[in-house]
Every structure is written in structure tokens, then in C-alpha cells.
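**Student:** got a predicted structure plus its sequence, pasted below:
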Amino acid sequence: MILPNLCLRARIKTDRGLQKCVSLFAYSPTCLPEEDWRNMDGVIVDKYTLGLMKQYGYQYHEKGQMIVGVLIQDVDVEVLKILSTKIQPLMEKTEAIEDTVQEETKETEETKETEEKEEKETETEDTEDLVKLMEKLETEVD
């Protein structure tokens with residue numbers, strides 16, 4: 001049975017450069033924790049997909065430079081269902097963490113923008129005060 005690679009366009013940066021990514025369960029490398037990914041022959045594969053590949057054998061199906069699917073012989077459909085059911089809560093938890101990080105990053109950026117705006121306004125006010133003081137001094141000297 002040829003199963004689709006859900007991460008066919010994903011690349012993971014490693015010390016070897018950008019590497020192809022294969023997962024039959026996660027649609028993005030960020031859906032699973034970093035420790036759940038393994039390097040197998042220059043391709044980064046999640047440990048669940050890797051387990052199936054080792055147990056049943058595999059062959060990558062490629063289109064150009066992308067691995068679009070994995071041929072796994074005689075895989076039990078029930079095994080796939082059980083794995084998908086077990087992995088889903090983990091992916092949801094990882095997505096929730098990622099969403100929180102993105103929100104915190106957005107809040108930090110907004111806070112930084114607000115602080116920069118306030119600092120600029122303060123500089124403008126200070127400059128205006130300095131101009132007024134200089135004008136006052138000029139009139140007093142005259």
C-alpha cells in the first residue's frame with residue numbers, strides 16, 4: 001500500500017543542511033516534538049512512521065526532489081488506525097504549545113512596537129521643549 005507523505009514539502013535544517021522529511025501521521029514537523037524525529041539514510045522520519053517502515057519494509061515514492069509517498073507492503077490497516085489514534089493527542093498538545101509560543105511572540109513584538117513609539121514621542125517632546133527653551137534664552141539675551 002502506498003501511503004502519502006504528509007510532510008512532502010517540509011525540510012528540516014540539520015548540521016548536514018536541509019533534509020527531506022517523511023511522515024505518514026504528522027502534516028508538519030512541528031506537529032511532533034523534536035525528539036520524535038530520526039535521521040534515516042539522510043531523510044528525517046518521525047519515529048511512528050519509522051517503526052512501520054522497519055516492521056513492514058518500505059520504498060520511497062518520489063516525484064522530482066520530493067518524497068510523495070511510502071510503499072509499505074502488507075501493512076495492517078488496523079495498525080494504522082491505532083497509531084493515528086495514539087498520535088493525534090500528542091500532535092494537538094504540540095500544536096497548542098506552538099500556538100502559545102506564537103501568541104507570546106506576537107505580544108512581545110506588539111509591546112516592543114509600543115515602547116518604540118512611546119520613546120519616539122518622548123524624544124519629540126524633549127526636542128520641542130529644548131527648542132522652546134532656546135527661543136526663550138534668545139529672547140532674554142536680546
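**Tutor:** Yep, it's here.

**Student:** for Gly64, phi and psi?
**Tutor:** In terms of degrees, to the nearest 10, the main-chain angles of Gly64 are phi 70, psi -130.

**Student:** per-residue pLDDT, it?
**Tutor:** Gly64 carries a pLDDT value of 89.

**Student:** burial count for it?
**Tutor:** 5 (other CB atoms under 10 Å). (Glycine included, C-beta is placed from N, CA and C.)

**Student:** same thing with Gln65?
**Tutor:** The burial count for Gln65: 7, using other CB under 10 Å.

**Student:** residue contacts, it?
**Tutor:** Each residue near Gln65 by CB atoms under 8 Å, 6 or more residues apart in numbering is listed here: Lys20.

**Student:** any figure for the gap between it and Lys20?
**Tutor:** From Gln65 across to Lys20, the span is 8 Å (CB to CB, to the nearest Å).

**Student:** roughly how far apart are the residue sitting nearest the centre point of the chain and Leu133?
**Tutor:** For the chain, the residue sitting closest to the mean C-alpha position, by CA atoms, centre = their mean, is Thr30 at 5.0 Å. Thr30 sits at a distance of 55 Å from Leu133 (criterion: CB to CB).

**Student:** likewise for Arg16?
**Tutor:** Taking CB to CB, one finds Arg16 at 63 Å from Leu133.

**Student:** how far does the one helix or strand Ile12 maps to sit from its chain's centre?
**Tutor:** Using DSSP states H and E, Ile12 maps to strand 11-14. Using CA atoms, centre = their mean, to the nearest Å, the mean C-alpha position of strand 11-14 is found 11 Å from that of the whole chain.

**Student:** helices of this structure, start to end?
**Tutor:** 47-56, 77-141 (DSSP state H).

**Student:** mean pLDDT for those: which is lowest?
**Tutor:** helix 77-141 (a mean of 69).
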